[in-house]
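> Based on what follows, work out the 3D shape:
(one chain, ligands or ions: 1)
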Amino acid sequence: MALAGGVRVRARALLRAGAQFRGPVLGRPEPAAGGGDGTRRFANLRVLVEPDPAAGVAVMKLKSPPVNSLSLEFMTEFLISLEKLENDKAFRGVVITSDCPGVFSAGLDLTELCGQNPAHYAEYWKAVQELWLRLFLSNMVLVAAINGVCPAGGCLMALTCDVRVLADNPKFVIGLKETQLGIVVPFWLKDNLVNTIGHRASEHALQLGLLFPPAEALQVGIVDQVVPEDQLQSTALSVMARWMAIPDHARHLTKAMMRKATADSLIKHRDADIQNFVNFISRDSIQKTLQVYLQKLKQKKG
Ligand SMILES: CCCCC/C=C\C/C=C\C=C\CC(=O)SCCNC(=O)CCNC(=O)[C@H](O)C(C)(C)COP(=O)(O)OP(=O)(O)OC[C@H]1O[C@@H](n2cnc3c(N)ncnc32)[C@H](O)[C@@H]1OP(=O)(O)O
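Modelled structure (predicted):
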């Protein structure tokens with residue numbers, strides 16, 4: 001699936017601005033792009049990709065400090081990196097994890113949702129839809145190695161993956177807390193959650209805006225495994241190895257069959273969903289709530 005119009009334009013702008021695969025990364029000298037040694041890492045500004053072509057797997061590390069919030073730039077760069085892997089036959093699986101200590105992703109970037117104009121909200125929501133669709137329908141095996149708190153939009157990313165492994169730390173909660181902020185999850189994300197944990201559990205989780213700590217997350221089924229923090233990466237890679245053993249075409253066709261109806265319901269109503277979002281987020285009452293919340297977050301340190 002190709003990037004949607006608005007996201008593609010932004011992607012091109014980012015690429016022109018140089019936000020593309022480059023080395024050195026993390027200050028380590030690395031072979032020049034196209035060096036072909038099969039081991040080099042590549043990165044744009046906010047996503048670090050560590051490829052292991054021999055295994056057919058890449059690790060994507062979200063590194064948009066301080067909290068990997070889903071800004072337009074971050075989502076665009078993420079999708080560029082994902083598309084590059086999708087287009088490279090060497091890669092059949094991706095582990096998604098965070099490079100920001102203690103935070104997988106803080107979810108949607110609240111500064112994108114506050115005090116902007118309707119055109120911006122529309123562009124932003126289109127990018128959120130695109131992120132979800134591209135991950136949800138990815139041909140590759142996606143394993144989320146959740147090494148930090150994972151609320152709302154962070155949970156959205158994790159829920160698109162085939163497997164979620166959570167590090168066992170009581171601070172690392174996961175869930176869709178939207179109602180706590182006075183907002184409503186979109187129907188397609190609700191469907192994604194229902195497909196994952198069932199209808200009854202989703203009703204409770206969504207209405208109460210529950211954030212599950214590890215043991216509860218495992219019990220309700222929003223994650224598949226909870227492991228000690230120092231075993232997260234190795235567990236994610238061994239889960240991946242098991243999935244890699246299945247012939248790709250059969251696995252992928254099965255995944256597509258299982259996910260088609262959920263994805264189609266958004267694809268068929270994308271514009272209406274954007275309009276719904278713009279109307280909702282533009283309401284004075286919603287703006288006020290989000291602004292107060294953002295201010296509280298900013299004052300936390302002071
Ligand atoms: C009927 C139609 C329906 C259609 C659909 C309609 C609506 C859907 C609309 C919206 C859906 C929204 C879903 C979301 O994802 S909203 C975001 C939810 N996320 C959160 O609530 C998490 C907020 N953040 C935190 O709780 C903490 O930051 C966190 C636990 C992640 C980390 O704590 P830590 O102590 O390490 O760091 P902080 O000091 O709190 O934060 C550092 C820095 O980052 C800023 N920040 C944090 N989160 C966000 C964010 N989500 N967006 C933007 N900025 C964020 C924070 O303000 C600090 O900034 P500064 O003080 O350093 O400037």
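
> quick one, what contacts the closest residue to residue 197 other than its chain neighbours?
Nearest residue to residue 197 in three dimensions, chain neighbours excluded: residue 221, at 4.7 Å (CB to CB, 6 or more residues apart in numbering). All C-beta atoms are positioned from the backbone trio N, CA, C, and that covers glycine. With contact taken as CB atoms under 8 Å, 6 or more residues apart in numbering, residue 221 is in contact with 196-198, 201.

> residues near residue 164, how many?
If you count neighbours by other CB atoms under 10 Å, residue 164 ends up with 28.

> quick revisit: give me the buried entries from the contacts of residue 221.
Buried members of the contacts of residue 221, counted by 16 or more other CB atoms under 10 Å: 196-197, 201.

> ok, of those residues, which one's closest to the ligand?
Taking CB to the nearest ligand atom as the measure, the ligand lies nearest residue 196 of the buried ones among the contacts of residue 221, at 17.1 Å.

> Okay, buried residues for whichever helix or strand that closest one is part of please.
Per DSSP states H and E, residue 196 falls inside helix 187-197. Under the neighbour-count criterion of 16+ other CB under 10 Å, helix 187-197 has 188-194, 196-197 buried.

> any idea how far the residue nearest to residue 197 lies from the ligand?
Residue 221 sits 21 Å away from the ligand when distances are taken as CB to the nearest ligand atom, to the nearest Å.

> touching the ligand at all, the helix or strand following the helix holding residue 196?
Sequence-wise, the next helix or strand downstream of helix 187-197 (DSSP H and E) is helix 199-208. No. Residues of helix 199-208 are not located near the ligand by CB under 6 Å from any ligand atom, the shortest gap being 12.0 Å.

> Give me the residues contacting helix 199-208.
175-176, 178-179, 185, 190, 193-194, 197, 210, 212, 220-222.

> now, which of those lie within helices?
190, 193-194, 197, 220 (DSSP state H).

> Reformat those as JSON lines; add pLDDT.
Shown next, in JSON lines, are the ones in helices among the contacts of helix 199-208 (pLDDT from 0 to 100):
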{"residue": "190", "pLDDT": "98"}
{"residue": "193", "pLDDT": "98"}
{"residue": "194", "pLDDT": "98"}
{"residue": "197", "pLDDT": "98"}
{"residue": "220", "pLDDT": "98"}
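
> Going by distance to the ligand, which of these wins?
The ligand lies nearest to residue 190 out of those, by CB to the nearest ligand atom, at 9.8 Å.

> Pull the contacting residues for the closest one.
Residue 190 makes contact with 202, 206, according to CB under 8 Å, 6+ apart.

> can you rerun that using 10 Å?
Going by CB atoms under 10 Å, 6 or more residues apart in numbering, residue 190 touches 176, 178, 184, 199, 202-203, 205-206, 262.

> ok, and residue 90, which helix or strand is that part of?
Going by DSSP H and E, residue 90 is not part of any helix or strand.

> and it, how far is that from residue 139?
Distance, residue 90 to residue 139, by CB to CB, to the nearest Å: 13 Å.

> Adding distance to residue 104 and neighbour count, write the contacts of residue 190 out as JSON lines.
Shown next, in JSON lines, are the contacts of residue 190 (distance: CB to CB, whole Å; neighbours: other CB atoms under 10 Å):
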{"residue": "176", "distance to residue 104": "14", "neighbour count": "27"}
{"residue": "178", "distance to residue 104": "17", "neighbour count": "21"}
{"residue": "184", "distance to residue 104": "23", "neighbour count": "15"}
{"residue": "199", "distance to residue 104": "26", "neighbour count": "10"}
{"residue": "202", "distance to residue 104": "20", "neighbour count": "21"}
{"residue": "203", "distance to residue 104": "25", "neighbour count": "13"}
{"residue": "205", "distance to residue 104": "17", "neighbour count": "26"}
{"residue": "206", "distance to residue 104": "20", "neighbour count": "20"}
{"residue": "262", "distance to residue 104": "22", "neighbour count": "19"}
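
> Perfect, I'm done here.
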